[in-house]
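1. sequence and computational prediction follow.
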Amino acid sequence: MKAMVQLTVNGEQHQIEVPAMKRLLDVLRDDLHLTGTKEGCGEGECGACAVLMNGELVNSCLVPALQANGARLCTIEGVSTEGRLHPIQQCFLENGGAQCGICTPGMILATHYLLDKHPTPTLEQIQEGLAGNLCRCTGYMRIFEAVQKAAEAQHAV
Amino acid sequence: MRSDVTGYELNAPPDVQAVLAQIASEPGRHALIAGGTELMVALNTGRLASRSLISLQHLRELRFIRVTADAVHIGAATTFTDIRRDETIARELPMLVQAASWTGSIANQNRGTLGGNICNASPAADTPPALLAYDASITLLSVRGERTVSYSKFHLGYKKTALEPDEILYSVSVPRAYEGWRQYIRKVGTRNAQAISKTALAGVALVRENEIEEIRIGSASLADRPLRCVGTEKAVRGRSLAGAGLEDTVRLGRAALAREAKPIDDIRSTAMYRSAVAANLLEEFLRQLPS
């Protein structure tokens, strides 16, 4: 069964016909060719597919396309502006917060959401905010440092 | 293996009445999907049996927290994040906030709903122990009308509930009756974040003159369903919390819980471990009660 779904992705409007139960993750990657959003576990455990949907952090592998109808989405492709990295991305880069890169898009969006809710997060808040994002490379310490630096950078702006 | 999504239907009726009409006309044919944190996992692993789904996630009528003089009423499609952000719930029903914070990651709490947590009816679910201890009631809707039942009568067996095929869960009502009561909740899982419970215990108690005047206990993963531990409550109700009396109360409570709990061995834990830990949690709760 197919459904017409309207999405505003990174400010751009799309109207597409897709199976109603197709995962938002697959709509983004296969239909809209936005492959920055990654698939890890496909069970909502790892956060590699995290995006912002109407401003809320969600795992796109658990969102059926029809439930995203009318939504505003922000994926990793929409985080930078005019070719310039967002301060969060810059801080992940400078502090070794990314290694193989598979978890990074989800980490960046989870950080975006975290700093939106807690502009000056404690280490505990950072740990909770990123608990749904698994990384098998960094051991997390450099990611936490990157998030702390990003919080400071946002205040400096 | 992942399912072929083209073989599934998903509809989003305009309102609750339309949902009720549809499930009444074809009882048992449709599965209800709210935040998708359970059913989409089933879809992604090829375990989603129902081929036709009805979405509740967009229905604003089901997403509310209404505070009245004697209860907090929570709509079935209210998310865990909504619950964590509510000031009245945080102040008066802190066990519910704690349980909501245990339910998966932030991204899952933004989507997962209280109604889904209850209706999915996992014996290991995070919010049922707190709702059982708080003696919540639930309101069910169908084209035939509405009925309100005690939540302690909702879970009938493994993944078996009192929901009729034409009914949906509308709301959960928690009494605002716990000022001055002691509240205790603790979950034991493999790790702090995102782990499913090995076991969990939630309890409320009213202590007067160092005696347990009233007590209610809910638990996870001690039976084939979320279990209200009425036998344990009965064993310690009216008992002393002073000196040697406390030791007797703890002993009686542990023995009653051991009789009442029927945990199983599974991938997350063993029956023996679950029984031992649950008894320890109960003892920790009781030992915190003396004033």
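-> It's in. Keep in mind that this is a model prediction, so the values were computed, not measured. Numbers count the residues shown, from 1 in each chain, chains lettered A, B, ... in the order given.
2. how about the contacts made by residue B:283?
-> B:250, B:253, B:254 (C-beta atoms under 8 Å, 6 or more residues apart in numbering or on different chains). (C-beta placed from N, C-alpha, C; glycine too.)
3. make TSV out of these and add distance to residue A:15.
-> Below are the contacts of residue B:283 laid out as TSV (distance: C-beta to C-beta, whole Å):
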residue	distance to residue A:15
B:250	64
B:253	61
B:254	62
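4. okay, stretch A:107-114 in CSV with CA atoms only?
-> Taking Å, rounded to 0.1, in the frame of the first residue of the first chain, the C-alpha atoms of stretch A:107-114 are listed here in CSV:
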residue,chain,number,x,y,z
MET,A,107,25.9,11.8,17.4
ILE,A,108,25.9,15.3,15.8
LEU,A,109,22.0,15.4,15.8
ALA,A,110,21.7,14.1,19.3
THR,A,111,24.2,16.7,20.4
HIS,A,112,22.2,19.4,18.5
TYR,A,113,19.1,18.3,20.4
LEU,A,114,20.9,18.1,23.7
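5. what about the spatially closest residue to residue B:131 that is not a sequence neighbour, how many residues nearby?
-> What sits nearest to residue B:131 in space, not counting adjacent residues and going by C-beta to C-beta, 6 or more residues apart in numbering or on different chains, is residue B:151, at 5.4 Å. Applying other C-beta atoms under 10 Å in any protein chain shown, we find 22 residues neighbouring residue B:151.
6. give me the distance between residue B:151 and residue A:93.
-> When C-beta to C-beta, to the nearest Å is the yardstick, residue B:151 and residue A:93 sit 50 Å from each other.
7. for residue A:65, same thing?
-> 33 Å.
8. what about the two, which has more around it?
-> residue A:65 (26 against 13).
9. ok, that one - contacts?
-> Taking C-beta under 8 Å, 6+ apart as the definition, contacts of residue A:65 comprise A:3, A:5, A:18, A:19, A:20, A:21, A:22, A:23, A:24, A:27.
10. flag every residue of chain B that's near chain A.
-> Residues of chain B lying near chain A by C-beta under 8 Å from any C-beta of the partner chain: B:2, B:5-6, B:8-12, B:33, B:35-37, B:40-41, B:43-45, B:53, B:55, B:57-58, B:81, B:104-108, B:110-111, B:192-194.
11. now do 6 Å
-> B:5-6, B:8-10, B:12, B:36-37, B:40-41, B:44, B:55, B:57, B:105-108, B:110-111, B:193 (C-beta under 6 Å from any C-beta of the partner chain).
12. any of the residues you listed buried? List them.
-> Neighbour counting by 16 or more other C-beta atoms under 10 Å in any protein chain shown classes B:5, B:8-10, B:12, B:36-37, B:40-41, B:44, B:55, B:57, B:105-108, B:110-111 among the residues of chain B next to chain A as buried.
13. if anything else comes up later, I'll come back, but that's it for now.
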